[in-house]
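Enquirer: Here is my input; please provide its structure:
(one chain, ligands or ions: 2)
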Amino acid sequence: MTSTVPTWNNQQPSPMPSDRYRAIWDRVPVPDLDRTWPARRTTTAPLWVPVDLRDGNQALAEPMDPERKRRFFELLISIGYKEIEVGYPSASQTDFDFVRDLVRLDLVPEDVTIVVFTAARDDLIARTYESVEGLPNVVVHMYTATAPTWRSVVLGKDRKELHRLIFDAAQEVARGAGDHPGRRFEFSPEVFNLTEPDFVLDVCNSLTRLWDASPDRPVIHNLPATVEVSTPNVYADQIEHMHRHLERRESVILSVHPHNDRGTGVACAELAVLAGAQRVEGCLFGNGERTGNVDLVTLALNLHAQGVDPMIDLSDIDAVRRTVEYCNRIPVHERHPYGGDLVYTAFSGTHQDAIKKGFAEHRASAAAAGLDAASAPWAVPYLPIDPADVGRDYQAVIRINSQSGKGGIAHLLQSEYGITLPRRLQIDFAAKVQEAADSSGLEITAEELWTLFCAEYGYRGGLGRWSVEHGTDGDRLFVVFDVDGVEVSGEAVATGPVEAMTRVLMSKGVDVDVLSLTQHSQRSGSDSAAITLAECRVGDRTVWGMGSHQSVTASAIRAVYRAVSTC
Ligand SMILES: CC(=O)SCCNC(=O)CCNC(=O)[C@H](O)C(C)(C)COP(=O)(O)OP(=O)(O)OC[C@H]1O[C@@H](n2cnc3c(N)ncnc32)[C@H](O)[C@@H]1OP(=O)(O)O
Ligand SMILES: CC(C)C(=O)C(=O)O
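Expert: Numbers count the residues shown, from 1 in each chain. Ligands and ions are numbered 1, 2, ... in the order given. This is a model prediction of the structure:
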């Protein structure tokens, strides 16, 4: 038997019955078109329509109570959404009352349109209109499943019968609006993505005509991937096919409503926009039926990260997240794009090193261009956007565990404790950190890192009285220190106090040489301490010591003394 599997691929067939399932093109005709979407670019944000209060809410184990609904609604308004689906008012008293509260309490700004959802049933449509009485701008959103399985299994109707049902209900929708200028219509052929293209086109076009769509009063055709069943390119083809063939195209707003069953809801929405979609329905952080609706936060920030204004204010993403978590009673995952706790954090050494260098380069190039770092062009490795854009600080960007390296460790000590480690000390300390992290298996916080650093290199006492006199022959150092519990004194003259200190130590039999000395102040302002990091050769070992003191000389002497006391 000849095999098409290359010899380097020795994976074995799984025991799962994959042959039970059929690809989309074996289930429904897929438009075969000379597609143009792959070459397009998105340069403006589509109209976003959050459906958290309806589709998101209907997927919750505990649907939102009125207080939660209101908080969610106010959040959506505050961050800039202009069209909001607020519920399915004919389905439950809570939803009905919520819409009434919007009217009663005058909660809807003038420039915001409310969307209300209904099935294609006269009684439900009538109740829907009752709920929105008094609201100036409303979209009445009617849906019916159109896919073959739904037609036969759920609704028990053939194509013709279902078209009739939809058309009749759409007439009822039009009647309910009367001549109210602030009423517009939306139709969703539920499971659009598994419906024959010719059928769905027929249905949509018939409603465009019935509702007399015009550029001033466009209808919305919302084409859901109710259950995501194919790769995003197929959905994009389906959308482009509709985009090209919908009648009165300039009077139709083509909307999409992807779910995320295959984990590609975001890709579906993005490709659909390239393919002609102008409006996207979804939920914040991707709540919704099963694996959720497409995530509007990710979509918006994906645009932001490509230089396109998303027209939604996510500059305090944690506040948005907190409200969404409270209302949905579902936590946002730590790895969730843009909003998760860990998404701007690197634990691994090479990533940390690159980020640290990237930050330095960013600050330098911003300064060179006379720009504020917060608005200068961003090109920091591993961070697709500046965390500050969404209100995150840089504290959590680098965190330390056994996967970390010297760059990250140095960054944390620098950013949290204002101490700049020379490269060779970074290498020395990283080995000690790795040892500690390996043995505990845990993360090391900045505080623990500092404690470890001080324990490894920090001055621990042992120097007694000392004084420096500046003479014509150099600096004369007199110093008292402890040698194995015995107080010893010594003095020496040299070109500076540090050299004098090494001479004193050598006179006491310590073979020491100062290889490098770095000094900086630890904090700005009057209470700043001088930090000295001394690299010394003692016998055949290279050791480090850190001294810290208000006086530069004291900090240097301490650093050398500490290095020598290591041996
Ligand atoms: C993809 C989506 O998200 S669709 C929205 C789904 N959301 C919800 O279902 C939440 C709110 N729903 C509800 O509270 C209820 O389902 C109600 C009040 C709307 C209707 O309740 P009930 O009258 O008890 O019907 P039930 O919930 O069993 O719905 C099934 C019936 O609706 C019919 N139906 C389903 N979709 C539609 C539709 N779009 N238009 C008209 N009828 C429909 C079914 O054929 C079925 O009819 P049957 O009883 O004659 O077989
Ligand atoms: C009916 C539409 C809008 C929907 O919620 C879906 O298909 O998921």
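Enquirer: drop to CA atoms for contacts and neighbour counts, all remaining ones
Expert: OK.
Enquirer: how deep is the residue of the stretch 451-567 of the chain found nearest ligand 1 tucked in, by neighbour count?
Expert: As assessed by Cα to the nearest ligand atom, ligand 1 sits closest to T451 within the stretch 451-567 of the chain, at 54.8 Å. Other residues near T451 come to 12 when the count uses other Cα atoms under 10 Å.
Enquirer: Then I77?
Expert: 18.
Enquirer: Give the helix, strand or coil label for it.
Expert: helix (DSSP: H, G, I helix; E, B strand; the rest coil).
Enquirer: List the contacts of the residue in the stretch 301-450 of the chain positioned nearest to ligand 2.
Expert: The stretch 301-450 of the chain approaches ligand 2 most closely through N328 (17.3 Å), counting by Cα to the nearest ligand atom. By Cα atoms under 8 Å, 6 or more residues apart in numbering, the residues touching N328 are 57, 60, 63-64.
Enquirer: how near is it to F285?
Expert: As judged by Cα to Cα, to the nearest Å, N328 and F285 stand 11 Å apart.
Enquirer: Equivalent analysis for L155, please.
Expert: 32 Å.
Enquirer: Please identify which of the two sits among more neighbours.
Expert: F285 (27 against 15).
Enquirer: In a strand, that one, correct?
Expert: No - applying three-state DSSP, one finds F285 to be helix, outside a strand.
Enquirer: give me phi/psi at the closest residue to ligand 1 within the stretch 201-350 of the chain?
Expert: Per Cα to the nearest ligand atom, T226 is where the stretch 201-350 of the chain lies closest to ligand 1, at 6.1 Å. T226 adopts backbone torsions of phi -60, psi -40, taken as degrees, to the nearest 10.
Enquirer: So the residue lying closest to it once chain neighbours are set aside versus N328, what's the distance?
Expert: Closest residue to T226 apart from its sequence neighbours, by Cα to Cα, 6 or more residues apart in numbering: V191 at 4.8 Å. Separation of V191 from N328 (Cα to Cα): 25 Å.
Enquirer: do E110 as well
Expert: 27 Å.
Enquirer: before we move on, what about V103?
Expert: Per Cα to Cα, V103 is found 24 Å from N328.
Enquirer: cool, R562 as well?
Expert: 56 Å.
Enquirer: and what of A177?
Expert: 32 Å.
Enquirer: contacting residues around P331?
Expert: P331 neighbours (Cα under 8 Å, 6+ apart): E325.
Enquirer: and it, backbone torsions?
Expert: Backbone torsions of P331, given as degrees, to the nearest 10, read phi -70, psi 150.
Enquirer: got it, and P422?
Expert: phi -60, psi 160.
Enquirer: And it, how close does it get to ligand 1?
Expert: P422 sits 60 Å away from ligand 1, going by Cα to the nearest ligand atom, to the nearest Å.
Enquirer: and what of V28?
Expert: Look at V28 and ligand 1: by Cα to the nearest ligand atom, they are 19 Å apart.
Enquirer: any idea how far P15 is from W8?
Expert: P15 is 21 Å from W8, by Cα to Cα.
Enquirer: Is L223 part of a helix or strand, or is it coil?
Expert: Note that with three-state DSSP, the state of L223 is strand.
Enquirer: which one is it nearest to, not counting chain neighbours?
Expert: L223's closest residue in space is V256 (Cα to Cα, 6+ apart), at 4.9 Å.
Enquirer: is it true that the one you found touches L274?
Expert: No - counting by Cα atoms under 8 Å, no contact exists between V256 and L274, whose distance comes to 11.7 Å.
Enquirer: More neighbours: which of those two?
Expert: Remark: of V256 and L274, V256 carries more neighbours, 30 against 21, as counted by other Cα under 10 Å.
Enquirer: Assign a three-state SS to that one, would you?
Expert: Quick answer, by three-state DSSP: V256 is strand.
Enquirer: quick one: contacts for it?
Expert: Contact analysis of V256 by Cα under 8 Å, 6+ apart lists 222-225, 269, 272, 277, 279-281.
Enquirer: ok, now with 6 Å
Expert: By Cα atoms under 6 Å, 6 or more residues apart in numbering, V256 lies in contact with 222-224, 280.
Enquirer: residue closest to the middle of the chain?
Expert: Y338 (0.5 Å; Cα atoms, centre = their mean).
Enquirer: in the stretch 151-300 of the chain, which spans are helices?
Expert: Using DSSP state H, counting those that start in this stretch, the helices found in the stretch 151-300 of the chain span residues 159-177, 197-210, 232-245, 265-274, 296-304.
Enquirer: Can you tell me which of the contacts of V256 lies closest to R249?
Expert: Closest approach between the contacts of V256 and R249, by Cα to Cα: N222, at 13.5 Å.
Enquirer: and stretch 32-41, what's its mean pLDDT?
Expert: Mean pLDDT, computed over stretch 32-41, is 97.
Enquirer: how far out from the middle of the chain is it?
Expert: Relative to the centre of its chain, stretch 32-41 is centred 29 Å away, using Cα atoms, centre = their mean, to the nearest Å.
Enquirer: Great, nothing more from me.
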